[in-house]
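Student: any chance you can model this:
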Amino acid sequence: MGGTFLIDQGADEASLGRFFLLPVLILMSAGAAMGGRFADRLPRVLAVALFEGMCALCVATLDLLYVAGPARGNPNVGFVMLGLLYFSIGLATSAMYALLMDLTVPRMAATQFCTYMAGINLCESWSTRALGALIARFDYGGGFMAISTLSLLSLSLLMYLPDPLTPAGSNPPTDPVGPEGSTGEKFSPGSP
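Tutor: Got it, this is the predicted structure:
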C-alpha cells in the first residue's frame, strides 16, 4: 500500500520506482542483518516485540503526519517514513524467524518452519487485503491507525509462547520424542 499512498501524496512513478528498486532493498537488508544480531543478544520475544512495535509505530506516525496535515501532499516525508518502516520490517522479520526457529522441534524443524513461513505469508496477504478495505472505507488515516493498533494489540500474544526459549549460543533444544523414541534426549546433529 506504500506505493499507492505515495502516489496519492504526489510522488511521481519514477521516484517511486527508484525508491523500491534500491533504497527499500538496502534498508530491509540492513534491518534484517541488525535484527538478527540483536535477536541473538536479546531474549527472542523481547526482540520481536520491540521490532514489531517499531513497525506499528512507524505506520501510526505516518498516519499522524498525514492526517494531522503537516505532511499532506508532501511525498518526501512519506519516503522517509516508509524507509524507516522497511528498515523496521527487516529488523522484525529476522527477529521473528529467530523466534520461530527456537520454537521448532529439531526432528520436525523443516516442516514446522515452512509452516511458520506460510503463516507469515498468510498474515501479509490478510493484512494487505484488510488495509485495502479499511482505506477504501475510512481513507488512509483510519486504515493506517486500525492496522497499527491491531499490530500492537497482537504483541500481547507473545506472552503465551513456550518459556523458556532457547537463547542463542546455548545447547540445542530437547527433542520431545528423541531419536530412539525415548523422551528428554538431547538432539545432536549426527542423530538419525
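Student: from the contact counts, what lies against the helix or strand harbouring residue 87?
Tutor: Per DSSP states H and E, residue 87 falls inside helix 75-102. Helix 75-102 is packed against helix 2-8, helix 13-21, helix 23-39, helix 44-67, helix 109-154, with contacts defined by 3 or more CB pairs under 8 Å, 6 or more residues apart in numbering; DSSP states H and E. Using the backbone N, CA and C atoms, a C-beta is placed for each residue, glycine as well.
Student: deepest-packed of the ones you listed, please.
Tutor: Comparing the helices and strands packed on helix 75-102 on average neighbours per residue, with mean count of other CB atoms under 10 Å, the densest one is helix 44-67 at a mean of 20.
Student: quick one, that helix and helix 109-154 angle?
Tutor: Helix 44-67 runs at 50 degrees relative to helix 109-154, counting by axes from the mean of the first three to the mean of the last three CA atoms, to 10 degrees.
Student: and helix 44-67, what does it pack onto?
Tutor: helix 23-39, helix 75-102, helix 109-154.
Student: how about 10 Å then?
Tutor: Contacts defined by 3 or more CB pairs under 10 Å, 6 or more residues apart in numbering; DSSP states H and E place helix 44-67 against helix 2-8, helix 23-39, helix 75-102, helix 109-154.
Student: distance to residue 64 added to those helices, as TSV?
Tutor: Compiled in TSV, these are given as follows (distance: least, CB to CB, whole Å):
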stretch	distance to residue 64
helix 2-8	14
helix 23-39	21
helix 75-102	10
helix 109-154	8
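Student: fine by me, thanks again.
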